[in-house]
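Undergrad: below: sequence and its predicted model.
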Amino acid sequence: MSAKAGRTFRQLLADRMSKQGLYDSPRYWDMKAASYEGLARSIWPSNTYNRHWDARQRTIVDSVLGDVDGKRVADVACGTGRLSRHFAARGARVTGLDFAPETLAAAERETRAAGLAVDYRTWNVLEPPPDALVGAFDLVFTISCLAMACADVPTFDRALAHLVSITRPGGRLLLLEPIHRSRLLRRILPLGVEAWIEHAARAGLVLARRGGMGFVPARLALAWRDLPDALVGPAFDAGERLLDLAPSLEPLADYKWLLFERPGAPSPRAAG
Ligand SMILES: C[S@@+](CC[C@H](N)C(=O)[O-])C[C@H]1O[C@@H](n2cnc3c(N)ncnc32)[C@H](O)[C@@H]1O
């Protein structure tokens, strides 16, 4: 575990048992941002595991999204801003949005310290976006947001509609989320990946590409406490290789990534 004490195993277990009313509350994420250090503020308790997880997610977004230089990008549920900074460093004009104020303050501090510029704003994805955000982004993405923020299907549809509305016509939306129906693996929303795609289609999105990451057996064994990297690194890599080689193993991918396009031509104002 990192220098700050973090959560005990009992606390983590209690969190999991009462995840609804917890993962969907800004207080929980602010508490997490205050209790941990580094990547553990936004991801798993083990920072050894997180280094591999973070690198894998960056590789996926880079290869799926390509060049983002000059693009207007919204990182929805940005947490402490690890991916906001990644996109800003690659030349994107990034807006980081989250509903947890202390978490956003930590993102601001870290981004300033890295000498990068990100426009951080408070927004709850379940609320209609402010006018300034509507149609404003070439690319909108979430990492680990909707599966926790949405308790049921009507709420999910509402959040999706908000994400579509901030994506410009002709723009793209990437969802990288823990998508599961099973009680064991789902976070809050009990909906499988095919249903996510179906609801996105009803919201006007066209699926362009999909994939998975985060091999569940490795994640269950390695994410909770810092184990030697000589064990964590090879086990993590082997799991990810398996997922890449065998798409039929998708149910064993903790996270699924879904890249959508919002059809339509950009308006002249949005074309820059
Ligand atoms: C697991 S963290 C992921 C943070 C970041 N995307 C990352 O991958 O590093 C989940 C984030 O979602 C945010 N979140 C949860 N529900 C939200 C909502 N309804 N609106 C906006 N942000 C929300 C939390 O505050 C938290 O920062």
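TA: Ah, there it is. These numbers come from a predicted model, not from an experiment. Numbering: from 1, shown residues only.

Undergrad: can you map out the strands along this structure?
TA: 72-76, 93-98, 119-122, 137-143, 167-177, 206-215, 253-261 (DSSP state E).

Undergrad: distance to residue 229 and mean pLDDT added to these, as JSON lines?
TA: Where you see a C-beta, it was placed from the backbone N, CA and C, and this is true even at glycine. Formatted as JSON lines, the strands of the chain follow (distance: least, Cβ to Cβ, whole Å; pLDDT from 0 to 100):
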{"stretch": "strand 72-76", "distance to residue 229": "28", "mean pLDDT": "98"}
{"stretch": "strand 93-98", "distance to residue 229": "29", "mean pLDDT": "98"}
{"stretch": "strand 119-122", "distance to residue 229": "32", "mean pLDDT": "98"}
{"stretch": "strand 137-143", "distance to residue 229": "23", "mean pLDDT": "98"}
{"stretch": "strand 167-177", "distance to residue 229": "24", "mean pLDDT": "98"}
{"stretch": "strand 206-215", "distance to residue 229": "17", "mean pLDDT": "97"}
{"stretch": "strand 253-261", "distance to residue 229": "20", "mean pLDDT": "98"}
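
Undergrad: which non-adjacent residue is nearest residue 175?
TA: Leaving out its chain neighbours, the residue that sits closest to residue 175 by Cβ to Cβ, 6 or more residues apart in numbering is residue 258, at 4.7 Å.

Undergrad: same check, this time on residue 177
TA: residue 147 is the one closest to residue 177 (Cβ to Cβ, 6+ apart), at 4.7 Å.

Undergrad: now the chain, which segments are flagged as low pLDDT?
TA: 1-7, 9-21, 266-272 (pLDDT under 70).

Undergrad: fine, thanks again, bye for now.
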